[in-house]
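A.B. asks: got a structure for you, letters missing:
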């Protein structure tokens with residue numbers, strides 16, 4: 001594992017739980033005001049990353065106006081951090097992330113093209129997933145490795161993790177995370193849930209306790225722009241936001257319908273589905289309200305770099 005040095009201020013001062021003005025105002029990214037936190041001592045944790053962008057996924061020029069580009073957009077936020085805050089050379093050919101400011105209209109089309117490129121590298125086929133997005137990270141960070149940087153990445157699932165809260169805090173301390181949650185509807189039997197879709201966001205802050213059953217997060221969510229639906233929203237970047245959510249550990253019976261294997265003559269989708277007891281973390285918050293589904297976190301991608 002690559003270990004990043006903790007910021008000097010974190011070693012000498014108590015980090016406030018609320019956002020405070022950034023010490024370095026020239027870092028592009030993250031809703032201001034913001035102060036980095038890196039507190040992993042004692043039974044509780046408080047970790048926060050500044051300099052993370054909050055790009056919109058809904059854009060002219062993307063397939064279906066970016067309706068399913070949450071994965072590429074959230075990964076762009078991660079790459080923005082490593083480029084602008086840590087100075088890593090990241091990009092694709094002549095396009096370098098550290099040259100771009102997503103809030104500047106002059107860079108809007110290039111940022112859109114970068115999100116599209118991430119989608120291509122992640123094998124976009126109407127959606128992306130955490131596995132393929134790690135491949136897209138590898139391709140975007142190749143210039144950094146060529147320049148002598150070391151990179152690493154991985155995934156943490158909610159399944160079989162006795163301290164998912166602590167895992168999330170420790171990995172966030174290295175860099176911003178890509179978190180995926182499923183939208184779960186009622187299953188065929190009482191008290192069962194069935195996945196009906198999903199969404200990927202960027203985690204920028206986490207507060208909670210090691211071994212705890214709840215976590216407070218702040219998210220950069222590419223799909224929840226404040227100007228969504230306004231005139232011209234597909235052609236302009238919205239104001240950056242850090243959305244507050246709570247994760248609460250749940251243990252429930254998940255129903256998974258059978259799917260057809262196109263390489264066989266049989267239609268496996270006609271077979272009975274399966275029921276499995278799983279651990280997920282329910283995501284709730286003022287901007288995450290639904291009458292039809294419940295949002296259950298399934299895992300996250302983590303990333304690290306050092307030179």
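C.D. replies: Perfect, I can see it now. Bear in mind that the values here come from a model prediction, so they are computed numbers and not experimental data.

A.B. asks: Report the separation between the nearest residue to residue 128 once chain neighbours are set aside and residue 160.
C.D. replies: Once flanking residues are discounted, residue 128 sits nearest to residue 71: 3.6 Å by CB to CB, 6 or more residues apart in numbering. (Glycine included, C-beta is placed from N, CA and C.) According to CB to CB, to the nearest Å, residue 71 stands 24 Å off from residue 160.

A.B. asks: same check, this time on residue 150
C.D. replies: Separation of residue 150 from residue 160 (CB to CB) stands at 28 Å.

A.B. asks: Please apply the same query to residue 121.
C.D. replies: Here residue 121 is placed at a distance of 30 Å from residue 160 (CB to CB).

A.B. asks: Looking at these two, which is more packed in?
C.D. replies: Neighbours were counted for residue 121 and for residue 160 using other CB atoms under 10 Å; residue 121 has more, 20 against 8.

A.B. asks: how about that one, what does it touch?
C.D. replies: Residue 121 sits next to 135-136, 139-140 when contact means CB atoms under 8 Å, 6 or more residues apart in numbering.

A.B. asks: go on, residue 140?
C.D. replies: Counting by CB under 8 Å, 6+ apart, residue 140 touches 75, 79, 90-92, 97, 118, 121.

A.B. asks: Which ones among these lie within strands?
C.D. replies: Judged by DSSP state E, strands contain the following of the contacts of residue 140: 91-92.

A.B. asks: CSV for the contacts of residue 140, including distance to residue 283 and pLDDT?
C.D. replies: Formatted as CSV, the contacts of residue 140 follow (distance: CB to CB, whole Å; pLDDT from 0 to 100):
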residue, distance to residue 283, pLDDT
75, 19, 98
79, 24, 98
90, 29, 98
91, 32, 98
92, 32, 98
97, 28, 98
118, 23, 98
121, 27, 98
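
A.B. asks: Show me the helices in this structure, by range?
C.D. replies: For the chain, applying DSSP state H gives helices covering 8-12, 70-84, 108-121, 130-140, 142-146, 164-174.

A.B. asks: Deepest in the core, which of those helices is it.
C.D. replies: Neighbour counts (mean count of other CB atoms under 10 Å) averaged over each of the helices of the chain peak at helix 70-84, with a mean of 27.

A.B. asks: That one vs helix 130-140, what angle?
C.D. replies: 40 degrees (axes from the mean of the first three to the mean of the last three CA atoms, to 10 degrees).

A.B. asks: now helix 70-84 against helix 108-121, angle please.
C.D. replies: 110 degrees.

A.B. asks: In terms of secondary structure, what does helix 70-84 contact?
C.D. replies: Packing contacts for helix 70-84, counted by 3 or more CB pairs under 8 Å, 6 or more residues apart in numbering; DSSP states H and E, involve helix 108-121, helix 130-140, strand 177-186, strand 192-209, strand 294-306.
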